[in-house]
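S.K.: sequence? don't have it. structure:
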């Protein structure tokens with residue numbers, strides 16, 4: 001019987017927190033421009049729909065769900081429909097359920113930071129926190145926190161600036177979202193190089209491809225993730241035996 005290893009976070013000091021901040025900032029630097037410009041577009045959109053910077057700040061800080069924030073604008077201008085809002089939110093952001101399952105072990109011993117880490121788990125923060133090989137001398141808990149916090153700050157600041165200066169801002173951000181796609185590709189390649197068993201990588205490529213063909217580009221994400229979870233669960237013992 002294997003002995004259970006429990007991660008014990010060392011007592012934080014000023015130096016460890018500063019080191020964690022630097023690590024988190026370096027990890028999120030590639031996202032800085034992407035989040036700022038996408039936030040600017042959201043702020044400009046909010047302004048065009050008649051919402052002040054206060055509404056923009058509240059929505060970008062409290063919802064913090066990317067595309068769902070754009071959908072929320074239409075909901076706020078439509079008749080009150082909480083059930084419809086819940087179902088749309090589940091469809092748009094249902095993939096976060098699977099992110100949460102993947103991070104159960106990692107976030108288990110994060111103490112009072114856990115609620116915020118769960119709240120701030122976006123695609124980008126999940127990808128960085130899940131794949132990062134954090135040096136032993138740096139606090140993991142504070143690294144995860146600063147990665148999550150900085151990503152949210154980039155988005156919130158960009159949104160508020162976009163709303164405040166919507167009348168004078170003029171830029172073409174077409175194609176800028178590819179920065180985020182490029183980040184995911186790099187992180188996926190790093191994971192691929194670290195893996196001994198490539199079965200999971202193959203499943204991660206095949207199942208989404210099949211789901212994309214069957215369900216289309218707008219509805220394939222949740223079926224693909226369900227398929228990946230089911231197949232990996234069935235093959236878990238086989239994969240563990242080969243490692």
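M.R.: Structure received. Only a predicted model underlies this, so the values are computations on that prediction, with no experimental measurement involved.

S.K.: how about residue 229, what does it touch?
M.R.: Each residue near residue 229 by C-beta atoms under 8 Å, 6 or more residues apart in numbering is listed here: 98, 101. In this view, the C-beta of every residue, glycine as well, is placed from N, C-alpha and C.

S.K.: let's see it at 7 Å
M.R.: Residue 229 makes contacts with residue 98, as judged by C-beta atoms under 7 Å, 6 or more residues apart in numbering.

S.K.: pLDDT below threshold where in this protein?
M.R.: Low-confidence regions of the chain, defined by pLDDT under 70, span residues 1-14, 169-198, 200-201, 236-243.

S.K.: tell me which stretches of it form helices.
M.R.: Along the chain, counting by DSSP state H, helices occupy 14-48, 53-62, 67-76, 82-93, 96-102, 114-119, 123-131, 140-164, 178-194, 199-215, 221-234, 236-242.

S.K.: pull out the buried positions in the longest one.
M.R.: It stands for helix 14-48. Buried residues in helix 14-48, counted by 16 or more other C-beta atoms under 10 Å: 16-17, 19-21, 23-24, 27-28, 31-32, 34-47.

S.K.: same thing with the fifth one?
M.R.: Neighbour-count burial for helix 96-102, counted by 16+ other C-beta under 10 Å, picks out 96, 98, 99.

S.K.: okay if I get the residues you listed as CSV plus distance to residue 220?
M.R.: CSV is the format used below for the buried residues of helix 96-102 (distance: C-beta to C-beta, whole Å):
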residue, distance to residue 220
96, 16
98, 14
99, 17
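
S.K.: between these, which is nearest residue 156?
M.R.: residue 96 (18.6 Å; C-beta to C-beta).

S.K.: ok, the closest residue in space to that closest one that isn't next to it in sequence to residue 66 distance?
M.R.: Closest residue to residue 96 apart from its sequence neighbours, by C-beta to C-beta, 6 or more residues apart in numbering: residue 121 at 6.3 Å. Counting by C-beta to C-beta, to the nearest Å, the separation of residue 121 from residue 66 is 12 Å.
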